[in-house]
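Colleague: no sequence on this one, just coordinates:
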Ligand SMILES: Cc1cc2nc3c(=O)[nH]c(=O)nc-3n(C[C@H](O)[C@H](O)[C@H](O)COP(=O)(O)OP(=O)(O)OC[C@H]3O[C@@H](n4cnc5c(N)ncnc54)[C@H](O)[C@@H]3O)c2cc1C
């Protein structure tokens, strides 16, 4: 009844991406972090393999990849780039490309998706504001309709990919941007727009300096009387929050697999070390104090991989066959994002410990992983918000304290 195997195509994808990562990404992970960018040739390589925006329709250069295949690619990228920059670059575009493909209007899709799939532009999500992250209902950015346009004012902050859009990728890119279209309402007064950022009048970008996952930038952008054609609206007006949550579900499940990939890589790295490094006359891997932690982490890794892939499987089932409910999907995706980042952080932290003082030098790459997975304590929703979502799906909306 339950099949735990990847199908032939997924196995082929795993092999192809794994080989690419081993050859092209593993040797330059430190360089990606030091130079604060994923090199252009890597982005080109990912695009050539059909991995960028891989969820979108073939009409726009995608391969309409299913969520499990997306997970397989994310895991391989995370096993290679343990700093999580390349996996983030990949996953943001896989999840939000899917949402634009599903809900966007033709003009907006034609404008950006072929550039994303060719690795020429970046597509991200802009929901967070300087004063509204977890509490999105409190956002201040507003779009007002004016003829066949919308005029948008406000500010988005802590947004991934700003430097890639503004300075790296030749055709720029933009964001699915969540704004208020009815200020008298909370989440039911929000709409989602595709907003091109580079060369758009009224947009002022800022770049922030993060302490991890440095190969993909963070930043923000202010919008002052930004005019956007009505074709940039996704779905119906005031339905933006629901559409955005569908994207967050997808991104959260992929993030859980990314965390598993980075943790797996760190543990594998550490296993080689504890077999060879000796203390008190024997390899440290013979001490129960080390073995027991390794076993616990590996057991959690196996469990969380299953949960992450189950969340992705459920996402696909709900989208295509409606055989799994939206509530169940949202719960599974939140559960996986709730557990995987903290698990990965602890596993990587112990792996670093086993390296002794060498683990505290930059010669040992694992600090990149520690800092990388830490970003997911917040990115695409804080861990605490995942708990609120899981409880809401278990107990019902009447038990949400913040309404
Ligand atoms: C590296 C990185 C990349 C990001 N990329 C993007 C992006 O591309 N697009 C985008 O829109 N956003 C992005 N974000 C922002 C992210 O979505 C927000 O950080 C997140 O939603 C939390 O919002 P906040 O940072 O404003 O924290 P706040 O909402 O101010 O919350 C601060 C802390 O308070 C606690 N908290 C809040 N509410 C509750 C509660 N009800 N119960 C218990 N504890 C609570 C949590 O510990 C939380 O971390 C990114 C963040 C990071 C770190």
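Modeller: That came in fine, so what should we check first? Just so it is clear, the model here is predicted, and its values are computed rather than measured.
Colleague: can I see the domain layout of this protein?
Modeller: Domains of the chain are assigned by automatic domain parsing as 8-122, 123-234, 240-399.
Colleague: of those, which approaches residue 2 most closely?
Modeller: Residue 2 sits nearest to domain 240-399 of all the domains of the chain, at 9.7 Å, using Cβ to Cβ. (Glycine included, C-beta is placed from N, CA and C.)
Colleague: and that closest one, how far apart are its ends?
Modeller: End-to-end distance for domain 240-399: 23 Å, by Cα to Cα, to the nearest Å.
Colleague: if we can go back for a sec, can I get the domains of the chain in TSV including mean neighbour count and distance to the ligand?
Modeller: Below are the domains of the chain laid out as TSV (neighbours: other Cβ atoms under 10 Å; distance: least, Cβ to the nearest ligand atom, whole Å):
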stretch	mean neighbour count	distance to the ligand
domain 8-122	21	6
domain 123-234	19	2
domain 240-399	19	4
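Colleague: residue 211 should be in a helix, yeah?
Modeller: No - residue state for residue 211 (DSSP: H, G, I helix; E, B strand; the rest coil) corresponds to coil; a helix is not indicated.
Colleague: the nearest residue to residue 118 once chain neighbours are set aside: helix or strand, and which one exactly?
Modeller: Excluding the flanking residues, the one nearest residue 118 by Cβ to Cβ, 6 or more residues apart in numbering is residue 47, at 5.4 Å. Following DSSP states H and E, one finds residue 47 within helix 40-48.
Colleague: follow-up on the earlier one: including mean pLDDT, could the domains of the chain go into CSV?
Modeller: Converted to CSV, those look like this (pLDDT from 0 to 100):
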stretch, mean pLDDT
domain 8-122, 98
domain 123-234, 97
domain 240-399, 97
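Colleague: how near is the residue nearest to residue 118 to residue 70?
Modeller: 16 Å (Cβ to Cβ, to the nearest Å).
Colleague: then residue 29?
Modeller: Between residue 29 and residue 70 the distance is 22 Å, computed by Cβ to Cβ.
Colleague: quick one: pLDDT of residue 1?
Modeller: pLDDT for residue 1: 60.
Colleague: list phi and psi for residue 180.
Modeller: Dihedral pair for residue 180: phi -90, psi 130, per degrees, to the nearest 10.
Colleague: show me what it bridges to in the sheet.
Modeller: Beta-bridge partners recorded for residue 180 (DSSP bridges): residue 142, residue 190.
Colleague: need the contact list for it.
Modeller: 139, 140, 141, 142, 143, 189, 190, 191 (Cβ atoms under 8 Å, 6 or more residues apart in numbering).
Colleague: so which residues of the protein form helices?
Modeller: With DSSP state H, the ranges of helices along the chain come out as 8-20, 29-34, 40-48, 67-80, 85-103, 106-117, 162-163, 240-276, 288-320, 326-354, 366-374, 383-395.
Colleague: mind putting the ones you listed into CSV with distance to residue 234?
Modeller: What follows is the helices of the chain, written out as CSV (distance: least, Cβ to Cβ, whole Å):
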stretch, distance to residue 234
helix 8-20, 28
helix 29-34, 32
helix 40-48, 24
helix 67-80, 20
helix 85-103, 4
helix 106-117, 8
helix 162-163, 21
helix 240-276, 6
helix 288-320, 16
helix 326-354, 17
helix 366-374, 30
helix 383-395, 22
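Colleague: could you pull up the residues touching the closest residue to residue 228 other than its chain neighbours?
Modeller: In this structure, residue 228 finds its nearest non-sequential neighbour in residue 150, 5.0 Å apart by Cβ to Cβ, 6+ apart. By Cβ under 8 Å, 6+ apart, residue 150 lies in contact with 143, 144, 181, 193, 227, 228, 230, 232, 233.
Colleague: beta partners for residue 150?
Modeller: Listed beta-bridge partners, residue 150: residue 145, residue 228 (assigned using DSSP bridges).
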